[in-house]
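Student: Quick one, fold the following:
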Amino acid sequence: MGLVGLAIFLSTFNFSVMFVAFDDIANHFNASDAAISWTLTGFTITAGALTIPAGWLADRYGRKRILLLGLSGFVLGSALVAGAPSVPLLIIGRLVQAAGLSMQSISALAVVLDVFGPGRRSTAVGGIGGIGGAAAALGPPIGGLLLDSLGWQWTFFLNVPIGLVLLALLYLGLNVTETTSSDSEPPDLVGIATLVVGATLTALAVVQSNSWGFASAKTLGTGVAGIAALVGVVRRSRDRSNAILFLPLFRDRTFRIGSFLNLLVAGSFGGLYLGWVNMLAEDGWGYSTRDVGLALSLIPLVAGPLSIAAGRWADRLGHRRVILSGTVLLGLAGVLGLLILGDQPDPWAWAAFALVYGVGVGLGHSASHAAAMVNVPAERLGIGGAMSRIAMDVGSTFSVALIVALAVGAGSSAAATDRALWVLIGVGVIGSLAAGSLGETHQRKNAGV
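Tutor: Below is the predicted model of the structure:
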């Protein structure tokens, strides 16, 4: 957990820094928010699309090997981003980062889940969530300091020396017993391409809906084409042995509901986090980059430790109780935000909102992912984790696109914040209904819990 946690920490740290660096990058390239948003949406689309083949590779060729390969790609992508002279090359660097992250995150998850065993999977996922929470808490304030003192490029360049040291530590110190699958047929490349096209077109329709017009033929045509491609991925997966989606896992009700909760609850975090950045930054409350980072760190500071506890509680008490508590609090946080977050800076109001929201995130996010994984066979941990993770990536892609579109059409930072808070309320309500339908998933009978 310690060695794998270092890799998780580095990637999550960089992910959270990207939100703080968003405005600086847009100003540096003199680009619109919609254009720079593709550094986020393109990242999540690529990570999501490659997650399935990454899971297959981890199961087929060994999780340590794919973990090292993925971390190498993440380091290379970081170097490309730091040196990018234009927005297109910046986005390409982010796509390389995403490709590496897809291999790194899935293989790391599979290693930890296999070591902890079936009865303690939620505890393992909670531990990973706690590490991610610590990284997300440190990312904004440290990233803010780097941005103010050295520039946004250094937030990515520093990944290179740190990543190289981490590669050496993992290569020398990570000893795992590999559980490999006998599948020799590679994943469906046409299915992967169709997924990329579908997610890209759907996100493009959402992001450009304000400039193209919500009811324009261009918006509707792009959106319909994207949804049709996504439906085509599911249909194609029914009849192929190497399908991008391993549909037999969906026969398990807990996997189905857990994956949906991962898409909705965990997937909404990226877009909503961007919404809070916009509220706190210069166009909203007027905070400096450093102060935005410090304010945002309150959320993962609360959520990180709770993720660890939530994993243990889910193993002992069942996922339904833990996730339902989290989703209810997410909805209440949205209502509280509408009542107390105005267009003028109010640190105490932000602290109260961040506390309730952070508790909801800590209880709901990791436990949703854990619920999907609780019944997955050991030999399918790579592909099972990939399918659950891809749900979160699809949710993150659409949430970022939605929040950007709502912000562009809002006319003011206060109005954009209100729209983001209504999205949060919707996540809380729908998530609570889904969590309430989960069956019993606790593992009290397992003496290792």
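
Student: all contacts plus neighbour counts: C-alpha atoms, from now on.
Tutor: OK.

Student: Please enumerate the strands of the protein.
Tutor: All residues of the chain lie outside strands when identified by DSSP state E.

Student: where does it have its least confident helix or strand?
Tutor: Among the helices and strands of the chain, helix 209-212 carries the lowest confidence by mean pLDDT, DSSP states H and E, at a mean of 70.

Student: any weak-confidence spans in the stretch 101-250 of the chain?
Tutor: Along the stretch 101-250 of the chain, the parts satisfying pLDDT under 70 run over 117-119, 121-122, 126, 129, 133, 136-137, 177-187, 207-211.

Student: which residues of the stretch 251-400 of the chain score low on pLDDT?
Tutor: For the stretch 251-400 of the chain (pLDDT under 70), the answer is 282, 378-379, 381-382.

Student: now the helices for it?
Tutor: Taking DSSP state H, counting those that start in this stretch as the criterion, the stretch 251-400 of the chain carries its helices at 253-261, 268-280, 289-296, 298-317, 319-340, 347-373, 381-408.

Student: Now do the fourth one against helix 268-280, angle only.
Tutor: Pointing back at helix 298-317 there. 160 degrees (axes from the mean of the first three to the mean of the last three C-alpha atoms, to 10 degrees).

Student: Relative to the whole chain's centre, how far out is helix 298-317?
Tutor: Once both centres are worked out by C-alpha atoms, centre = their mean, to the nearest Å, helix 298-317 turns out to sit 17 Å from its chain's centre.

Student: Who are the packing partners of it?
Tutor: Under the contact criterion of 3 or more C-alpha pairs under 8 Å, 6 or more residues apart in numbering; DSSP states H and E, helix 298-317 touches helix 121-149, helix 319-340, helix 347-373.

Student: before we move on, what about the longest one?
Tutor: With contacts taken as 3+ C-alpha pairs under 8 Å, 6+ apart, helix 381-408 sits against helix 38-61, helix 87-116, helix 189-207, helix 209-212, helix 253-261, helix 268-280, helix 347-373, helix 413-436.

Student: same deal with the fifth one?
Tutor: Using 3+ C-alpha pairs under 8 Å, 6+ apart, the elements in contact with helix 319-340 are helix 298-317, helix 347-373, helix 413-436.

Student: got the contact list for Leu150?
Tutor: The neighbours of Leu150, taking C-alpha atoms under 8 Å, 6 or more residues apart in numbering as the test, come to nothing; the list is empty.

Student: neighbours of the nearest residue to Ala303 once chain neighbours are set aside, just the number please.
Tutor: Here the nearest residue to Ala303 in space, its sequence neighbours aside, is Gly362; by C-alpha to C-alpha, 6 or more residues apart in numbering that works out to 3.9 Å. Residue crowding around Gly362 was assessed by other C-alpha atoms under 10 Å; the count is 30.

Student: What of Ala401?
Tutor: As a measure of burial, Ala401 has 27 neighbours, counting by other C-alpha under 10 Å.

Student: Kindly report the same for the one 5 residues further on.
Tutor: Leu406 has 22 neighbouring residues, counting by other C-alpha under 10 Å.

Student: Quick one, grab the pLDDT at it.
Tutor: In the predicted model, Leu406 carries a pLDDT score of 82.

Student: Then the one 10 residues further on?
Tutor: For Ala416, the pLDDT comes out at 86.

Student: so what's the residue nearest to it when sequence neighbours are not counted up against?
Tutor: Nearest-residue entry for Ala416: Ala407, 4.7 Å, with adjacent residues in sequence omitted and distances by C-alpha to C-alpha, 6+ apart. By C-alpha under 8 Å, 6+ apart, the contact set of Ala407 is 275, 413, 415-417, 419.
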